[in-house]
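Engineer: let me see the structure of the following:
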Amino acid sequence: GVRDVLFFYEENRCSMTYMYEYPEYLKIKLTKKTAKRYPAYELYLYGEGNYAEENKNLLLTGIPVLFLPGNAGSYKQVRSLGSIALRKAEDVDFKYHFNFFSVNFNEELVALYGGSLQRQTKFVHECIKVILKLYRDREFAPTSVAIVGHSMGGLVARALLTLKNFKPELINLLVTQATPHVAPVMPLDKYLTDFYTAVNNHWILKAQDLRNLTTLSVAGGFRDYQVRSGLTFLPRLSQHDSALSVVSSAVPRAWASTDHLSIVWCKELILATIRAFFDLIDENTRQITEDPKKRMSVLNHHFVRHPAKIFEENPDIFTALTGAFMWITVKASKWTYSVYNDSDGKYFTFPLASHRKSYSHVYCENSMLSTSSWIYGCMNSNSSTCLEATDLSWRAELLPTTKVVILKLQDYSSLSHIVVQVPPTAGNKYTLGCEFFKEDSRTVQLPVTHLFSFGLSSSKILLNSTGLLYNVQLQHFNHIYQAFKIYIDSHCQSLRERKPSVYRLHIPWSHEDSIIVAKVPSFTEISAKLHIAQPQNDSSIPELNIYSSSDCQYEVSSTNLFNSYCPYILFFQIIRFHAGALPVYIVSNILLAYGGQLCTLISTGQCSDFSLELVRTAKPYKVEPLISIVVFLQGFNWFREIWETLSLPEVDATVPSSPDAWFPLVSLILFLFGTGIAYWSGVFISISLRLFSSLWLALMRPTVLQKDKLITPRRLCRVLSLALVSWTTCGAFAVLIIYLQYLFKVLKGIHKVRTQSSMDSISEATQSLCNSATIAEAINSLKMHITILNLFTWIVLLNLPSLIYWLKNLRYNVRLDPDPCRSTAIIITCILEILMNSSTFEVKSSKLLKIAAKVPLPLSVAMLAFGRMHLYKVPHFVMFSLLLHVLCCIV
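Structural biologist: Sure thing, here's the model as predicted:
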């Protein structure tokens, strides 16, 4: 499953963007107050060549666009947008042009540490004010700024509207690229989750106030394994008519999935964005239009359905059909025409009266991809020619190799003819085709194999192509955990050259279509997976649209991926959607094994191996049923009221909206994954400790086992020192120091045991019962210490992002503020300082041992209930369990 997420996706179909002149980044001077408050952040203006030289005096006359980089992103990523916009401005002789600004966030890791997101948001607000001041007293001075945000930069842009003193009219257009709007990819600290909650709640509650802001969210598709596309869809309640979410594979003229970084430089996608920007310009103000309806029309034109025509706000309804063209009447229900070096223009007219009774739709296609009109509707019922007609080309849709139009005859009852124009051509070769058909005859149903078919069932249909279009409805394909392959085998009667076929997987409830172009004849494999599940109030059916070649036969089959592979595709979907929760399941399993070791200590007086206890105690039926019962009961109002009265947090399993909620088996599978990873991490840590202890044994002098005191003045000083380090610098740094101390203490213990064992084996005569008991006790203590070390290894890993962030920004500030694990670090320091000097001897005689042994199970349940979407809560459960262990050492 992990392999499929990371490596098995479509090849990169994006072209690289290139600069024709050397890119330059002019640093914009900020106010002293702003520069002092945000020393790590900067603002730049992009330019290249003569354009960059002209802008050095900052006499700007263009339209301001601000680029916000994402997690660890560079301000230089603006160059693809800036360079293509500059080339486009040259094409129109700089009648309109854009000034691209970019913010340097010092490549901060904001996807992993949320403490600086609010600071970044406030800095962007200051930048917008500085940018607008640069245009003061200009003839066409802008009053707002358009923003393009990559990854977390898009979330920062949305957060601007949550600032108290921010004026919403300062931004009227927001384009986000691969931004996780719904939830953080890894909720590693409270600041990150709180930031998301504040932003999304504001956009839902204040949706009416955001109608003047037009927002476009573009996702990367399956190539982007860092941010899955389901997270990029804007909250549904906030969309109304002013927001649009699309996947790059569905964007016209791009039709390509992008990874998390290539979405910034993918030429096809950048071209679509820049074309949209230029179409958004108001000729009167020479700025982006203030009309929200026009902004949405432009975005739909370039990112949803492109009619293969240049955008017009109010296209002419009627068009005069002029020119000395030949008029030819076509009465057949199916017609194809090939054009090559045709010097005479033609109008082909299709009378509708004779077809209305027998057919419900008409379909036409044209392989000449120019932006000129080509299909019209005529109202002259008694004439073979038509002087004035309705331009139906705006009803067309652009596909990779053709443009198509489908008209329902019932909706065009006033039309008497359809006219297809064939202009004179010189050296161009293209084909046209039209056919009348009944919708039922071209719609077939393909039941897709369900999740539990295990390859025992498959579906197959045969399409004897007498037409140009087929719609294959994929029944019951509506859940994110469904994954199967569609195979299309095309055979043709003759070997003549044909136009390629186009296969489109159309998901009606979201813009996540994928398009494949295939030669004919060919065997094509389509992987069918969803980014978001079907909404509850939606009854639409996904379709496979086959734009076929006539006289060819198509065999379409759907096969569950269990049929030819192990069930890794289901695991692919689980890993893709829930990999962020895996650390919780791993720690939960280790905690269960730790509790098992304490129980064994009570019953036998010996501490068993971690791996044996994991196998014995890590049983899903001990954990999962209780969570499922709570989730079920939360569907009742009375239970929810009691829950809220007790001020208990919401169970993470019930947070996602159904049917994106946890599938019943998903948590079980993740638990089993967690068991496996916990087992092998334990093996890895155990082997690593043995190897390092061997090295220690070779370098250090032999030592004798001796009992250490739990608390000494020296250790108290060490705890106070680490607490001071945590308070004045970074909590994660103090955790790492105490973890390393614990690691060396365990290595030293292994070294002592091995030394003592080797000494006793050499001189058996001197070996006493006392010595044997001491070694056995030391081995028991080491087993317990290794399990605790395993637990804290994962806690250190969860706190590592804030440590990396602190080290990266150390030159600006010695103290990490805010610090998500400062108080946690102080408690962990105290616990580990005592535990590293403890042994199972003190624990066995404690009155609290029975309580300490029973607590890990309910803590594991609570961890899975409340920590799956709040990873920062995991250390709290571990600390509580180990705090009881400390008390067992004392009491």
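Engineer: hang on, isn't His181 packed against Asn200?
Structural biologist: Yes - His181 lies in contact with Asn200 (Cβ atoms under 8 Å); the separation is 7.5 Å. All C-beta atoms are positioned from the backbone trio N, CA, C, and that covers glycine.
Engineer: which neighbours do these two share?
Structural biologist: Pro235 (Cβ atoms under 8 Å, 6 or more residues apart in numbering).
Engineer: the more surrounded of the two?
Structural biologist: Shown here are His181 and Asn200; by other Cβ atoms under 10 Å, His181 has more neighbours (24 against 19).
Engineer: sec struct for Ile786, please.
Structural biologist: Here Ile786 is helix, with the state taken from DSSP: H, G, I helix; E, B strand; the rest coil.
Engineer: let me see the contact set for it.
Structural biologist: Applying Cβ under 8 Å, 6+ apart, the residues near Ile786 are 610, 682, 685-686, 689, 746.
Engineer: from the residues you listed, which land in helices?
Structural biologist: Taking DSSP state H, the ones among the contacts of Ile786 that sit in helices are 610, 682, 685-686, 689, 746.
Engineer: counting neighbours, which of these comes out on top?
Structural biologist: Phe610 (25 neighbours).
Engineer: one step back: could I get the contacts of Ile786 as JSON lines with distance to Lys485?
Structural biologist: Shown next, in JSON lines, are the contacts of Ile786 (distance: Cβ to Cβ, whole Å):
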{"residue": "Phe610", "distance to Lys485": "41"}
{"residue": "Gly682", "distance to Lys485": "37"}
{"residue": "Ile685", "distance to Lys485": "40"}
{"residue": "Ser686", "distance to Lys485": "41"}
{"residue": "Leu689", "distance to Lys485": "45"}
{"residue": "Val746", "distance to Lys485": "49"}
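Engineer: distance of the residue lying closest to Gln493 once chain neighbours are set aside relative to Gly676?
Structural biologist: Residue nearest to Gln493 in three dimensions, not counting chain neighbours: Asp551, with 5.2 Å by Cβ to Cβ, 6 or more residues apart in numbering. For Asp551, the distance to Gly676 (Cβ to Cβ, to the nearest Å) stands at 54 Å.
Engineer: with Cys14 instead?
Structural biologist: 36 Å.
Engineer: these two - which one has more neighbours?
Structural biologist: Neighbours were tallied for Cys14 and for Gly676 using other Cβ under 10 Å; the higher tally belongs to Cys14 (21 against 15).
Engineer: that one falls within a strand, correct?
Structural biologist: No - counting by three-state DSSP, Cys14 falls outside a strand, being coil.
Engineer: so Pro253 is in which element?
Structural biologist: Just to correct that, residue 253 is Arg rather than Pro. Using DSSP states H and E, Arg253 is not contained in any helix or strand.
Engineer: pretty sure it is touching Ala272, no?
Structural biologist: Yes - counting by Cβ under 8 Å, Arg253 does reach Ala272; the two are 6.0 Å apart.
Engineer: higher neighbour count, the two?
Structural biologist: Of the pair Arg253 and Ala272, Ala272 is the one with more neighbours under other Cβ under 10 Å, namely 22 against 17.
Engineer: off-centre distance for the helix or strand that contains that one?
Structural biologist: Taking DSSP H and E as the definition, one finds Ala272 inside helix 267-279. Taking Cα atoms, centre = their mean, to the nearest Å, the mean C-alpha location of helix 267-279 is offset from the chain mean by 22 Å.
Engineer: and it, what other elements does it pack with?
Structural biologist: helix 79-91, helix 292-303 (3 or more Cβ pairs under 8 Å, 6 or more residues apart in numbering; DSSP states H and E).
Engineer: what residues of the longest one count as buried?
Structural biologist: Which is helix 79-91. By 16 or more other Cβ atoms under 10 Å, the buried positions in helix 79-91 come out as 79-86, 88-89.
Engineer: can you map out the helices along the stretch 701-850 of the chain?
Structural biologist: 713-728, 731-762, 769-808, 822-835, 840-844, 849-854 (DSSP state H, counting those that start in this stretch).
Engineer: how many other residues sit next to Ser549?
Structural biologist: Ser549: 18 neighbours (other Cβ under 10 Å).
Engineer: and it, helix, strand or coil?
Structural biologist: Strictly by three-state DSSP, Ser549 counts as coil.
Engineer: correct me, but it touches Ser501?
Structural biologist: Yes - Ser549 lies in contact with Ser501 (Cβ under 8 Å); the separation is 6.0 Å.
Engineer: which residues do these two both contact?
Structural biologist: 490, 520.
Engineer: pop the domain breakdown of the protein in here.
Structural biologist: Under the TED database, the residue ranges defining each domain of the chain are 19-304, 318-438, 442-572, 580-702+718-759+769-890.
Engineer: would you turn those into JSON lines with distance to Thr712?
Structural biologist: What follows is the domains of the chain, written out as JSON lines (distance: least, Cβ to Cβ, whole Å):
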{"stretch": "domain 19-304", "distance to Thr712": "34"}
{"stretch": "domain 318-438", "distance to Thr712": "75"}
{"stretch": "domain 442-572", "distance to Thr712": "50"}
{"stretch": "domain 580-702+718-759+769-890", "distance to Thr712": "8"}
